[in-house]
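Enquirer: model this:
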Amino acid sequence: MKVLQLTRQQRAAALASDADGERTGIFTSGIVAIHTGLQIALFFTGVRHAGENLAAVLARRNTDLPAPIQMCDGLARNIPSDFDTILSPCLAHARRKYVELTETFPAEVRFVLETLREVYITDARARDRGLDPAQRLQLHQEESQPRLAALERWMQRQLTERLIEPNSALGAAIRSMQKRWSELTLFLRVQGAPLDNNTSERALKKAILHRKHALFYRTLAGAPVGDVFMTLIHTAELNHIAPFEYLVALQRHAAELAANPAAWMPWNDQAALASHPAGPDPP
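Expert: Numbering: from 1, shown residues only. Just a heads-up that it's a prediction; the model follows:
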């Protein structure tokens, strides 16, 4: 998303003192936080990279909590420098490398894709059953771990026995997956570890849609306003709440919202509405 009026001084002021060099780009970061089944989408537009925006969020987090699981691509600028996170690459991205090779290596790719399909089926079964993180972990250990162990052996055999050309596109896809195997299979060892980053990628489509309709922000001060509305709207959608009705309720109860913001989250605002009479219609 462009910001039309942005001076060099404003760029410098928006960056941390240890930021690397002068930046000319504008970035929109999307962060989806998931805890106990609840989801929050956060958007940040400005000169900061995703890792710096995540660091600003983690700075407000209770320091007694364990390190959060962070799923993102491998760019260094996506990693917060001052906070520890448990990095978990996206399994869907790894899978995509094989999808691109279906015509060239149909038999080999079919084995990989069918194995990963079964992993996703297991994850969907855990979700449909309403399993808690510990139960989901146990189910994946029982069903997915043997399948992925077989896939790991298969990948090693392709290269060591030279069943494929190591420098081929398939060889590169296998080596890439082997290099990140421990992180890609984090969901077999850590409760709540996701399979992929699809939820965050869908969230970023909100920013793309906003850019399509609004085209730009005029100033750096206006960008956070748009980010707040994207945050509220998509967080409501993630929690199956109608965004328009939610925003109207927030405006009608602005005083109560300011006094106790935690009571007016999308997942509990109905309880707050039940205990407060309706305020005036928003302007």
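Enquirer: For the stretch 101-250 of the chain, which segments count as strands?
Expert: Along the stretch 101-250 of the chain, counting by DSSP state E, counting those that start in this stretch, strands occupy 216-219.
Enquirer: any idea how far the closest residue to residue 163 other than its chain neighbours is from residue 224?
Expert: The shortest distance from residue 163 to any non-neighbouring residue, by C-beta to C-beta, 6 or more residues apart in numbering, is to residue 157 (6.7 Å). Every C-beta, even on glycine, is put in place using the N, C-alpha and C of the backbone. In this view, residue 157 and residue 224 are 53 Å apart by C-beta to C-beta, to the nearest Å.
Enquirer: higher neighbour count, those two?
Expert: Neighbour count, other C-beta atoms under 10 Å: between residue 157 and residue 224, residue 224 has more, with 15 against 12.
Enquirer: Leaving out sequence neighbours, find the closest residue to that one.
Expert: Nearest one to residue 224, counting by C-beta to C-beta, 6+ apart, is residue 45 at 7.4 Å.
Enquirer: per-residue pLDDT, that neighbour?
Expert: Residue 45 is assigned 83 on the pLDDT scale.
Enquirer: Counting neighbours, what do you get for the nearest residue to residue 99 once chain neighbours are set aside?
Expert: Using C-beta to C-beta, 6+ apart and skipping the chain neighbours, the partner closest in space to residue 99 is residue 113 (7.0 Å). Neighbourhood size, residue 113 [other C-beta under 10 Å]: 14.
Enquirer: pLDDT score for residue 113?
Expert: 97.
Enquirer: Equivalent analysis for residue 279, please.
Expert: pLDDT, read off for residue 279, is 58.
Enquirer: same thing with residue 8?
Expert: Predicted confidence (pLDDT) for residue 8: 62.
Enquirer: count of residues packed around residue 154?
Expert: Residue 154: 15 neighbours (other C-beta under 10 Å).
Enquirer: What distance do you get for it to residue 164?
Expert: Using C-beta to C-beta, residue 154 is found at 11 Å from residue 164.
Enquirer: Low-confidence ranges, this protein, go.
Expert: 1-2, 4-24, 211, 213-216, 278-283 (pLDDT under 70).
Enquirer: 90 instead, please
Expert: For the chain, the stretches with pLDDT under 90 are 1-29, 35-37, 45-49, 63, 72-79, 81-82, 199-227, 229-230, 255, 269-283.
Enquirer: most distant residue from the middle of it?
Expert: In the chain, residue 161 marks the outermost C-alpha relative to the chain mean, sitting 37.7 Å out by C-alpha atoms, centre = their mean.
Enquirer: Would you list the phi and psi of that one?
Expert: Dihedral angles of residue 161 (phi, psi; degrees, to the nearest 10) stand at phi -90, psi 0.
Enquirer: let's number from 35 now, not from 1
Expert: Sure thing, new numbering starts at 35, so read that last one as residue 195.
Enquirer: residues contacting it?
Expert: If you count contacts by C-beta atoms under 8 Å, 6 or more residues apart in numbering, residue 195 has none.
Enquirer: Residue 123: how many residues sit nearby?
Expert: The burial count for residue 123: 21, using other C-beta under 10 Å.
Enquirer: just checking, residue 67 is part of a helix?
Expert: No - assessed with DSSP: H, G, I helix; E, B strand; the rest coil, residue 67 is strand; it does not lie in a helix.
Enquirer: So for it, what's the nearest residue that isn't a sequence neighbour?
Expert: Excluding the flanking residues, the one nearest residue 67 by C-beta to C-beta, 6+ apart is residue 74, at 4.8 Å.
Enquirer: Assign that neighbour to helix, strand or coil.
Expert: Per three-state DSSP, residue 74 ends up strand.
Enquirer: right, and it touches residue 91 too?
Expert: No - counting by C-beta atoms under 8 Å, residue 74 sits too far from residue 91 to count as a contact (9.8 Å).
Enquirer: and for these two, which residues touch both?
Expert: Shared contacts of residue 74 and residue 91, defined by C-beta under 8 Å, 6+ apart, comprise residue 67.
Enquirer: Centre-most residue in the chain?
Expert: residue 234 (3.4 Å).
Enquirer: now the nearest residue to that residue once chain neighbours are set aside: how far from residue 118?
Expert: With sequence-adjacent residues excluded and distances taken as C-beta to C-beta, 6+ apart, residue 234 is closest to residue 66, at 4.7 Å. Counting by C-beta to C-beta, the gap from residue 66 to residue 118 is 20 Å.
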